[in-house]
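[1] Could you work out the structure for the sequence below:
(chains A, B, C, D, E and F, ligands or ions: 12)
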6 protein chains.
Amino acid sequence: MAFSGITTFAHLPTIPCLASKDSFDIAIVGYPFDTAVSYRPGARFGPHGIRDGSRRLRPSNGWSMHWKFNPYDGRTTIVDCGDVPITPYDNKLALEEMEIAYDTLLSRPTESKPHLSLPRGLDDKAHPFVVTLGGDHTIVYPILRSLYKKHGPITVLHFDSHIDTWTPYKIPSSTSQISEITHGTFFWKAATEGLIANNSVHAGIRSKFGGPFDLEHDEKVGFDLISADDLDTMGMEGVLGRIRERIGQSPLYLSLDIDVLDPAFAPGTGTPEPGGWTTREIKRLLQGLHGLNFIGADVVEVAPAYDHADITSIAAADIIHEFLSLFIH
Amino acid sequence: MAFSGITTFAHLPTIPCLASKDSFDIAIVGYPFDTAVSYRPGARFGPHGIRDGSRRLRPSNGWSMHWKFNPYDGRTTIVDCGDVPITPYDNKLALEEMEIAYDTLLSRPTESKPHLSLPRGLDDKAHPFVVTLGGDHTIVYPILRSLYKKHGPITVLHFDSHIDTWTPYKIPSSTSQISEITHGTFFWKAATEGLIANNSVHAGIRSKFGGPFDLEHDEKVGFDLISADDLDTMGMEGVLGRIRERIGQSPLYLSLDIDVLDPAFAPGTGTPEPGGWTTREIKRLLQGLHGLNFIGADVVEVAPAYDHADITSIAAADIIHEFLSLFIH
Amino acid sequence: MAFSGITTFAHLPTIPCLASKDSFDIAIVGYPFDTAVSYRPGARFGPHGIRDGSRRLRPSNGWSMHWKFNPYDGRTTIVDCGDVPITPYDNKLALEEMEIAYDTLLSRPTESKPHLSLPRGLDDKAHPFVVTLGGDHTIVYPILRSLYKKHGPITVLHFDSHIDTWTPYKIPSSTSQISEITHGTFFWKAATEGLIANNSVHAGIRSKFGGPFDLEHDEKVGFDLISADDLDTMGMEGVLGRIRERIGQSPLYLSLDIDVLDPAFAPGTGTPEPGGWTTREIKRLLQGLHGLNFIGADVVEVAPAYDHADITSIAAADIIHEFLSLFIH
Amino acid sequence: MAFSGITTFAHLPTIPCLASKDSFDIAIVGYPFDTAVSYRPGARFGPHGIRDGSRRLRPSNGWSMHWKFNPYDGRTTIVDCGDVPITPYDNKLALEEMEIAYDTLLSRPTESKPHLSLPRGLDDKAHPFVVTLGGDHTIVYPILRSLYKKHGPITVLHFDSHIDTWTPYKIPSSTSQISEITHGTFFWKAATEGLIANNSVHAGIRSKFGGPFDLEHDEKVGFDLISADDLDTMGMEGVLGRIRERIGQSPLYLSLDIDVLDPAFAPGTGTPEPGGWTTREIKRLLQGLHGLNFIGADVVEVAPAYDHADITSIAAADIIHEFLSLFIH
Amino acid sequence: MAFSGITTFAHLPTIPCLASKDSFDIAIVGYPFDTAVSYRPGARFGPHGIRDGSRRLRPSNGWSMHWKFNPYDGRTTIVDCGDVPITPYDNKLALEEMEIAYDTLLSRPTESKPHLSLPRGLDDKAHPFVVTLGGDHTIVYPILRSLYKKHGPITVLHFDSHIDTWTPYKIPSSTSQISEITHGTFFWKAATEGLIANNSVHAGIRSKFGGPFDLEHDEKVGFDLISADDLDTMGMEGVLGRIRERIGQSPLYLSLDIDVLDPAFAPGTGTPEPGGWTTREIKRLLQGLHGLNFIGADVVEVAPAYDHADITSIAAADIIHEFLSLFIH
Amino acid sequence: MAFSGITTFAHLPTIPCLASKDSFDIAIVGYPFDTAVSYRPGARFGPHGIRDGSRRLRPSNGWSMHWKFNPYDGRTTIVDCGDVPITPYDNKLALEEMEIAYDTLLSRPTESKPHLSLPRGLDDKAHPFVVTLGGDHTIVYPILRSLYKKHGPITVLHFDSHIDTWTPYKIPSSTSQISEITHGTFFWKAATEGLIANNSVHAGIRSKFGGPFDLEHDEKVGFDLISADDLDTMGMEGVLGRIRERIGQSPLYLSLDIDVLDPAFAPGTGTPEPGGWTTREIKRLLQGLHGLNFIGADVVEVAPAYDHADITSIAAADIIHEFLSLFIH
Ligand SMILES: [Mn+2]
Ligand SMILES: [Mn+2]
Ligand SMILES: [Mn+2]
Ligand SMILES: [Mn+2]
Ligand SMILES: [Mn+2]
Ligand SMILES: [Mn+2]
Ligand SMILES: [Mn+2]
Ligand SMILES: [Mn+2]
Ligand SMILES: [Mn+2]
Ligand SMILES: [Mn+2]
Ligand SMILES: [Mn+2]
Ligand SMILES: [Mn+2]
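    Ligands and ions are numbered 1, 2, ... in the order given. Below is the predicted model of the structure:
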């Protein structure tokens, strides 16, 4: 039953993916890290929250009208790897722990099922598809470092109300090297290391900025920016076309900051921005991304302390259901 | 004043409708039952919550711009019958209690006012129009049994994120006969007894399923399915046209599960499904149903323990205001 | 940092505007008054809540994609004047205190910056632009009295789910003169004193009414009424056109009751009405008002006791950011 | 059932006590007034909240181990009179409305049951015993005015964290006559009119003061002050002895501000003071008051917007159960 | 880390105890059942909530100053068995499922460690010690049925604000056989079957009753009643002495309804009763029970929907820590 | 008024103490730091929350019955210094920022008022008394480093449920040097640097431990441990005597972790421990410390995201009122 049992994502089996060498196709893994946030912390409880929000998903309840299949039907081996142990006291160490963990997950044997086209690296070897439960958005920096080793520069499709390519000039009282890497700058950091391909896309942006230089820099770093309002002016198909055209078949990492949703739909987050998209719009946008060449995905910035009645967590879990459907499709 | 006095729906008079034989045209009655739910219970407090949410409606404040009349203006005798006593310990007994209560309400004398066209049974006798405050959705099974005795098979217009026609195969650890009747299977049960007409309609559906067989069975049971996304593709008029065409002038029971709303608009419910309709959309859809041949209605699955600032309860009360307007119109 | 320091609006400097005679261009001032409300009180904490909601706005984070400038960049002198001391025990006295305070603010010297066209009274003298943080909506009556002394009859653009032009017949148990002035009647009161110009506009209306006479009276008082549903039928451009055409270049006071938003977006308010506009829609509507002749503005009816995770307060602060952008633009 | 039906206090019958002239022995009546508070408003919803909190009390569940009888057993006619209509806009008018309503209730015929010794006025006529559900504490001023007409100066036993005898010097920005009467000054006002006997008692006091003059004035007004800490130094019996000795058999009005409880036990109030008594202590203190000459009682300052899981409301209802037991005993 | 990983009780290993035949000494198992409650449901989420509340307990953090050992140190094999699948639709079936599950757990092989004196049945065979996470209190009826098969009549030490020996006369609208078994009557039911020894004890009782007959019946059923107030009059040692003397070395089942705590300490429950014990008092009472002959234990009635900041869940987990310490000691 | 104005602690004046060189006697300063916590973060909002909780304290309302004076009466110059800018991204840098800020505050000129005996360093120079609003408990490490420079080894009186002298062995996945300094180890770190005098005292301890070695180490580090239960066995006077005797007239730093309160009284914190002291007990203990030689104080670990109705914040502010009274006394 949905309310019963030890809680894993969608009641999937859990295995200690970092310790054991079992094979799997898709790994769901928590990155309970939140010590690089600029406002409300609490996303360390994000993986826990999203698992709670996923309880009504389960092998007997996973077939959707849009996708017309059930990702938990057993054809695809999906496991919940639990959470990566990450220090909450030292961001430098934490970034290393997160990168090593992702390396490890990517190195696990896959099951090479005929129906499933797993991500292939530059060496043409298949590796598992990892869906990461954040954690604050900074976790994407070590993830990109890890994926880069397999794929070279990564195209990113980034749903967020913030660009997260800010240069560290924006951070007061934070002059040290490690304090330059935050949930608002990690894409800048990744770009300085050449990890991001220049056909990346932001979608849903609506935060305030330091000035026009933020956007100029953003473009230089490789992103096309689709604002929240663009959905009203371009329509669903317009937005999807712009995304698909830019990205083509590049190896694509999908990162979704839950604050891309309006705070009414996702109050449980750290830096909410009014004027966002609805869950219905996000789901339709995701459904329109079928056929892209996904190599990994995440949902980040779920902070359950600010949630109510699990609505943010449930939305996050539902979005991951779309991810799984998108990928397996 | 809105915040003052013993709380009845919209400050309407309350009478003990089951005990006394007073006449009325429209009865508002609570069915505080929630022991057939698959996830978060608490809808037994739904009638209490909806009454709380209705406090700003009252005889001096009921005229709406859309309908251009006030259902509480005294022309129509609307009473709040309070709640039906229903056991929370034995669903078999509870179903009997609910059916008998509805029979009793339907048998009460009406006031035969010229402006009002009350529901007429197969025997052409008028009976009151009952608006039931749930309670979990299972309450509709005994209601349909009761209405069937007056009208024969009932066409149902069902707003919900779930189809509720699931066959009991979906229920784990529940092999007994009574455990087959739940808030997810009651329409299946009703259909097995021939209570539902085959021109029924679901609207707002977006839950996950066991598989395509759920939808095949659903159609067989008599429902046309309008998904949440259909509103985006067909538009408001398209959806309304499809509903009106299918239903025509069949005797129509209107059942609205509050989870048809997106969780942002109705967090106070047991099985929220992201990606739903807004209150503004639901109200416009309801307003477009004028002229249909309504014989009864309900709002179910309001669970105040999960609500915040009464927003779910207030939305539910407002929806009932539309029901009253629709019916009296 | 956003989470750090004594809280003022957008981390702006605070000065005791009533006591000191410093010059400024734009004043943000709290009117913590809530003793003229018909349902849930608590808006006396509105100024406090909105300041809390504004914490992520700041000089280093105020440039928006739509407006392409940062109102906190120092070119315009914006100050947070703190709150006006207002008695919570005697509405007659409170109204006087509020009017005197506004008179005082309007009399403060301005900085006459070339880029900024400050409001000019009938005597062609510039005075500061005041953004008031309510407080319940009644605060607009003394504000209009004060502005009238500078400008004569004021055109009002009023975003709300309620018309607030009700005559006192609606108020039970309240036969005294002072009890006639409430958050639902203050526009009636202002109209009886000739303070409102007859090309005023309501936008977002969707409450219930006593009867059609409420609307007839509303029109007589000088308002054109744009209902919440009108946005669906007329579209964004239609609504904006209707507003702009009616208002032209009249001296315009902008009053926004946070309950114009749907309760999902703004639960923290006293008299929520389902079926409202989204924050995204409101922001787009406000952006479409550029070039009107604004002379003052407010956001009222934020009641933090009913808010969750600051979503109402954050939306209110964001709306004020649009106001500042609209005015400085 | 406890969760079922129209909510009245303890599921007692409700009658329109102000309009009808039915007889009763004990009246429970709501005074939904909260426009004379110095901090968090919301006690206008106190009567509603306390009724909600009383739902598990009922005729079949009212016998307590301490009192060994059930006040709802039918021997005593207890009715829920609903709420008095009180304007929230004009405190002067509101005070009149509250006094007239109390006069009316006191004038209702009683049932003169042999087991019950109803309060007798100076004219030796019996009148009903009224338990008032506040509302903010100011409601006690019109109540004392009303009771004074029957009994002359009233001895008050006042449970509170605040003395509420402050002179109006404490109220900033409030120079009018009506603004002198607040939930912190009403006992001062009552004393100036000679309504309070000089053997009154405060219990549970722990707030801060303006200075020693507050306590000097308090004593002059007629109160002995038992502080929250006195319970630790004098013990339960010491406190009770001091109360009983001072009060003797004077006609006694019992007023309990829910903030006498520590905020952990009663978060749902406007001016919480840490360091208070527990519900267990308050109940034991009340039980020790048997045999005093009670002529009326209230529980005030319950503000449900700040409550959680109804714990404040349930405590308030339980305290009223002790009141009823104390009086009927 | 405390906030990381798949959540089991105190981060203990989880095994499918019903399906696999692994040995263990102590089983922690959830009974997510809540369909026999008289007021607020939600205890089906109790096991989930208590596991959440236990997250700061773990092998590296389990040594307490009072007990001077760490139950999770590995000497004792404690496992988290997850939850028993229990139907939420049919109480008759649910009771069977719960009894069979307990039978199964009791039949699992133990590890016979020298330091541990496991419960021995009448046949002198050792069986595991089971700590059950409720679920509503009704779950104790099938547990007693199961234990009775091993031990004969069971002495019960029952911490609760309610006696739970009520005869079914108290249940309105519930005339069927199964509806006689509720969270308020299960001890009556157990007694009718001879499952309870006549030296049982209630502790913490303070609810209201139907009349003195409830207490007379309670005594007949085998319980000595220690009221909440008895702690004040008898003191900690007095209460402990009375318990120890009555119970001696009888095989003892320990059942703790979280509502024995005052609602301030445990808001997250269905039928809170003001005037209860503090967590500090309960812990000291439990610590004073060392050396009794425990054969099983539970914590029931945790309803997380009504909890705040996990305080109820954390208290419940801490109480279970005392249980484990008491038993292993 | 209490609800009005820009929020500073107790409505005291605020000055930029780090930037300006104004003199003062007592500084209240926020340390919004929370990136060294082991469980629920959020104490960065502690200073903001405590200021909110202090709003009912003010110059006109600060005289207490126990102390018989008002710390805000102007005789003592108390200022609110706002918050120290502290990076949330790099704990090494943050520790430096915090130490430098404290150094700066200690170096500010004092007002040398005759009634006040300010702390004097080893050089016999007076420096201001600083009350720090945490922030997580780690902030005490840089504070002790700063105070050590003035006073040499500091005696600490530490109210907490945790000892916070743990050696870093307890921290998983945290092998770097900076990750050794956390809110559970900072006293260990301080001790390794000789900052703590060996007559320090813990009070209120009740957490779990790794083993007896934790306590052995704790004693070695210089602490006497008074457990939460010791209050029950030794009584208020016993505890106070033990504290006073050990500490004598040593220069004393007073650190109060709000989790010393039971979670019922202080839910708004990160690592709540059931079984704690009440606010009334803590206040009485603090009052019993008069005459000790205080050189600084803090309240830490207030995490408003987990608070309800400000009860934790209000308790924290009230405790600071006791601190100010204790020190000025
Ligand atoms: Mn982001
Ligand atoms: Mn973001
Ligand atoms: Mn549904
Ligand atoms: Mn349904
Ligand atoms: Mn308004
Ligand atoms: Mn409004
Ligand atoms: Mn009071
Ligand atoms: Mn008080
Ligand atoms: Mn129980
Ligand atoms: Mn109980
Ligand atoms: Mn600490
Ligand atoms: Mn601590």
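[2] residues contacting residue A:321?
    A:10, A:54, A:57, A:62, A:64, A:71, B:208 (Cβ atoms under 8 Å, 6 or more residues apart in numbering or on different chains). In short, each C-beta sits where N, CA and C put it, glycine included.
[3] Okay, the residue in the stretch 101-250 of chain A that ligand 2 sits nearest to and residue B:84: tell me how far apart.
    Taking Cβ to the ion, ligand 2 has its nearest neighbour within the stretch 101-250 of chain A at residue A:162, 3.8 Å off. Residue A:162 sits 52 Å away from residue B:84, going by Cβ to Cβ, to the nearest Å.
[4] What of residue A:290?
    49 Å.
[5] Next: residue A:166.
    59 Å.
[6] Have a look at those two and say which one is more surrounded.
    residue B:84 (28 against 24; other Cβ atoms under 10 Å in any protein chain shown).
[7] List the residues that contact the closest residue to residue A:169 other than its chain neighbours.
    The shortest distance from residue A:169 to any residue other than its chain neighbours is 7.6 Å, reached at residue A:210 (Cβ to Cβ, 6 or more residues apart in numbering or on different chains). Counting by Cβ under 8 Å, 6+ apart, residue A:210 touches A:166, A:169-170, C:60-61, C:63, C:70.
[8] Now restrict those residues to buried residues only.
    A:166, A:170, C:60-61, C:63, C:70 (16 or more other Cβ atoms under 10 Å in any protein chain shown).
[9] pLDDT added to those, as TSV?
    Formatted as TSV, the buried ones among the contacts of residue A:210 follow (pLDDT from 0 to 100):
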residue	pLDDT
A:166	96
A:170	67
C:60	92
C:61	94
C:63	98
C:70	97
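[10] Quick check: strands, which of the residues you listed are part of them?
    Counting by DSSP state E, no part of these is found in strands.
[11] May I ask which two of those are separated the most?
    The distance between the two most remote of these (Cβ to Cβ) is 14.9 Å, for A:166 and C:70.
[12] picking that back up, the contacts of residue A:321 also near ligand 8: which ones?
    The subset of the contacts of residue A:321 within reach of ligand 8, by Cβ under 5 Å from the ion, is empty.
[13] how about the strands in chain A?
    With DSSP E as the criterion, chain A has strands spanning A:26-31, A:78-83, A:129-134, A:155-159, A:200-205, A:223-227, A:252-257, A:294-300.
[14] nearest to residue E:202, of the ones you listed?
    strand A:78-83 (41.9 Å).
[15] touching chain B at all, that closest one?
    No: residues of strand A:78-83 contacting chain B under Cβ under 8 Å from any Cβ of the partner chain: none, with a closest distance of 15.0 Å.
[16] so that strand versus strand A:26-31, what angle?
    Strand A:78-83 runs at 20 degrees relative to strand A:26-31, counting by axes from the mean of the first three to the mean of the last three Cα atoms, to 10 degrees.
[17] Determine the number of other residues adjacent to residue A:77.
    Residue neighbour count, defined by other Cβ under 10 Å, stands at 18 for residue A:77.
[18] what's the straight distance from one end of stretch A:50-64 to the other?
    Taking Cα to Cα, to the nearest Å as the measure, stretch A:50-64 stretches 19 Å from start to finish.
[19] So what's the residue count around the closest residue to residue A:284 other than its chain neighbours?
    Among residues not flanking residue A:284 along the chain, residue A:236 sits closest, at 6.0 Å (Cβ to Cβ, 6+ apart). Neighbour count for residue A:236, taken as other Cβ under 10 Å: 14.
[20] Was I right to think residue A:236 contacts residue A:285?
    Yes: using Cβ atoms under 8 Å, residue A:236 makes contact with residue A:285 at a distance of 6.9 Å.
[21] Over in the stretch 51-200 of chain A, which residue gets nearest ligand 1? Let me know.
    residue A:137 (3.6 Å).
[22] check contacts around that residue.
    So residue A:137 contacts A:160, A:164, A:183-184, A:186, A:255, A:257, A:300-301 (Cβ under 8 Å, 6+ apart).
[23] again, only this time at 7 Å
    A:164, A:183, A:186, A:257, A:300-301 (Cβ atoms under 7 Å, 6 or more residues apart in numbering or on different chains).
[24] who are the neighbours in contact with the closest residue to the residue of the stretch 101-250 of chain A closest to ligand 2 other than its chain neighbours?
    Counting by Cβ to Cβ, 6+ apart, residue A:162 lies nearest to residue A:207, which is 4.6 Å off, once chain neighbours are set aside. Residues near residue A:207 by Cβ under 7 Å, 6+ apart: A:161-162, A:273.
[25] returning to what we had before: which residues touch the nearest residue to the residue of the stretch 51-200 of chain A closest to ligand 1 once chain neighbours are set aside?
    In this structure, residue A:137 finds its nearest non-sequential neighbour in residue A:183, 4.1 Å apart by Cβ to Cβ, 6+ apart. Contacts for residue A:183 were tallied using Cβ under 7 Å, 6+ apart; they are A:36-38, A:136-138, A:164.
[26] next one: residue A:55
    Counted by Cβ under 7 Å, 6+ apart, residue A:55 has contacts A:2-3, A:7.
[27] For residue A:5, see how far away it is.
    9 Å.
[28] Ok, residue A:322 next?
    24 Å.
[29] what about those two, which has more around it?
    The neighbour comparison of residue A:322 against residue A:5 (other Cβ under 10 Å) goes to residue A:322, with 23 against 20.
[30] Once you drop chain neighbours, what's closest to the more buried one?
    residue A:286 (4.3 Å).
[31] Count the residues that sit near that neighbour.
    Count around residue A:286 with other Cβ under 10 Å applied: 23.
[32] Now do the same contact list for it.
    Per Cβ under 7 Å, 6+ apart, neighbours of residue A:286: A:319, A:322, A:326.
[33] how deep is the last one tucked in, by neighbour count?
    Spelled out, it's residue A:326. 20.
[34] coming back round to it: who wins on neighbours among the contacts of residue A:137?
    For the contacts of residue A:137, neighbours tallied by other Cβ under 10 Å; top is residue A:301, 33 neighbours.
[35] correct me, but that one touches residue A:135?
    No: using Cβ atoms under 7 Å as the test, residue A:301 is too far from residue A:135 to be in contact (8.0 Å).
[36] Spell out which residues are contacts of both of those two.
    Common neighbours of residue A:301 and residue A:135 (Cβ under 7 Å, 6+ apart) are residue A:43.
[37] All set now, cheers.
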